[in-house]
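Visitor: no FASTA, just this:
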């Protein structure tokens, strides 16, 4: 298994400028087939969905193609795929849907490891419903979730557990299935933020134990939107506020207003692109996705090892916070007490894109007292050995 990097990179117009991109955790570069799919759909012919004219059928096909593609990517039925403007918007929506069944005295459990998009919507919904928020803490020595604190937080009053499948700043991959099994044992639902995870690992929502799983295609080569995946039967138990004439079918009842058909087509093209990175002999798109993600993991692990070895060679000048045994190729660091924004500017002047900030990870930055800003570097399918060496050289000259 191996990615053909030269062939893969040739599909990305933005790489022709010579920049080395390490900002993938905030959004990857986009391959030409994705842009082509967006343009072709938008220029149509295209109308609102219907079954008569070609333009109406094109809209229908864009929606059906999107649901089928993300069903293959996430391992759920096609009618368990919900489109949203973003993962944040979807989480806010579903916090309101689920909170309709909460009562004063109920409890929910959140994680200190999470991006604020999987924290604040639940905190605010809990405040409105008079529900208590409990917390899973972070083990500062390993940067993993403290599962003892999770056990203390759980009770028969727990209605929801919301947890990330991978930290967007530390890369930590928690044992989501173990967390989900304990939640289900007390009768709670599990909402999983897979925005960072889905960019690096194959996803099987059922195997993770998630009742609801959300991700963002622009983190894995697609356009800016959000996708929620769940069992259609479970979605059928949720009653969102909606317009009277709009469809009450699942999943349409959760999608408000006219869908962006061109964005759906672009997201579908991104899934197809991922499936063809190293498809092997897979006969289905899901099989090809599995093979491609295996190759991607191998590629990113080798690059992460190269990068970490180079950072260790810089000695005490670099403090690396990403150290969980199970993690994605995303590294958060501090540089000898220097302002990370200065490092970002220094690298940018050398054609290396590596952002500084706290990246909406309010809880981990607060709980761990991390320096704000910190420098975050993340690897993507198009990252090369040369990119890593340029980053390391740039950090060395900065220090």
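Guide: That came in fine, so what should we check first? Here the structure is a predicted model, which is why all the values come from computation and not from measurement.
Visitor: helices along the stretch 51-200 of the chain, start to end?
Guide: In order along the chain, the stretch 51-200 of the chain carries the following helices (DSSP state H, counting those that start in this stretch): 54-74, 87-99, 120-129, 147-153, 176-185.
Visitor: before we move on, what about the stretch 251-399 of the chain?
Guide: Ranges of helices within the stretch 251-399 of the chain are 261-275, 285-313, 340-348, 362-367, 385-398, based on DSSP H, counting those that start in this stretch.
Visitor: residue 71 is nearest to which of those helices?
Guide: The stretch from the helices of the stretch 251-399 of the chain with the least distance to residue 71 (C-beta to C-beta) is helix 285-313; that distance is 8.5 Å. Every C-beta, even on glycine, is put in place using the N, C-alpha and C of the backbone.
Visitor: for that closest one, packing partners?
Guide: Taking 3 or more C-beta pairs under 8 Å, 6 or more residues apart in numbering; DSSP states H and E as the contact definition, the neighbouring helices and strands of helix 285-313 are helix 54-74, helix 261-275, strand 318-320, strand 330-335, helix 385-398.
Visitor: list the buried residues in it.
Guide: Within helix 285-313, the residues that count as buried by 16 or more other C-beta atoms under 10 Å are 285-286, 288-293, 295-297, 299-300, 303-304, 307, 310-311.
Visitor: for stretch 392-399, same thing?
Guide: For stretch 392-399, burial by neighbour count (16+ other C-beta under 10 Å) applies to 392, 394, 395, 398.
Visitor: equivalent analysis for stretch 125-142, please.
Guide: Buried positions in stretch 125-142, judged by neighbour count with 16+ other C-beta under 10 Å: 125, 126, 129, 131, 134, 135, 136, 137, 138.
Visitor: and for stretch 352-371?
Guide: Of all the residues in stretch 352-371, those buried under the rule 16+ other C-beta under 10 Å are 352-365, 368, 370-371.
Visitor: same check on stretch 2-14?
Guide: Residues of stretch 2-14 classed as buried: 3, 8, 9, 11, 12 (neighbour count, 16+ other C-beta under 10 Å).
Visitor: now those in a markdown table, please, with extra columns for pLDDT.
Guide: As requested, the buried residues of stretch 2-14 are exported to a markdown table (pLDDT from 0 to 100):
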| residue | pLDDT |
| --- | --- |
| 3 | 92 |
| 8 | 98 |
| 9 | 98 |
| 11 | 98 |
| 12 | 98 |
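Visitor: so which of those residues sit within helices?
Guide: For the buried residues of stretch 2-14, membership in helices holds for 8, 9, with DSSP state H as the criterion.
Visitor: ok, the buried residues of stretch 2-14 vs residue 64, which is closest?
Guide: Sorting the buried residues of stretch 2-14 by distance to residue 64 puts residue 11 at the head of the list, at 25.0 Å, by C-beta to C-beta.
Visitor: looking at the helices and strands packed on helix 285-313, which is closest to residue 238?
Guide: helix 54-74 (17.7 Å).
Visitor: so for the closest one, mean pLDDT?
Guide: Here the mean pLDDT over helix 54-74 is 98, rounded to a whole number.
Visitor: returning to what we had before: export the buried residues of stretch 392-399 to TSV and tack on distance to residue 180 and pLDDT?
Guide: Compiled in TSV, those are given as follows (distance: C-beta to C-beta, whole Å; pLDDT from 0 to 100):
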residue	distance to residue 180	pLDDT
392	38	98
394	41	98
395	38	98
398	42	97
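Visitor: what's the first-to-last distance across stretch 369-379?
Guide: With C-alpha to C-alpha, to the nearest Å as the measure, the first residue of stretch 369-379 is 25 Å from its last.
Visitor: if you could redo that for stretch 46-55, that was the one I meant.
Guide: Across its full length, stretch 46-55 reaches 4 Å end to end, with C-alpha to C-alpha as the criterion.
Visitor: show me the contact partners of it.
Guide: Among residues not part of stretch 46-55, those counted as contacts by C-beta atoms under 8 Å, 6 or more residues apart in numbering are 44, 45, 56, 57, 58, 59, 60, 63, 258, 259, 261, 262.
Visitor: which PyMOL command selects the buried ones in those?
Guide: Written as a PyMOL command, the selection of buried residues from these, which uses 16+ other C-beta under 10 Å, is:
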select buried, resi 56+58+59+63+259+261+262
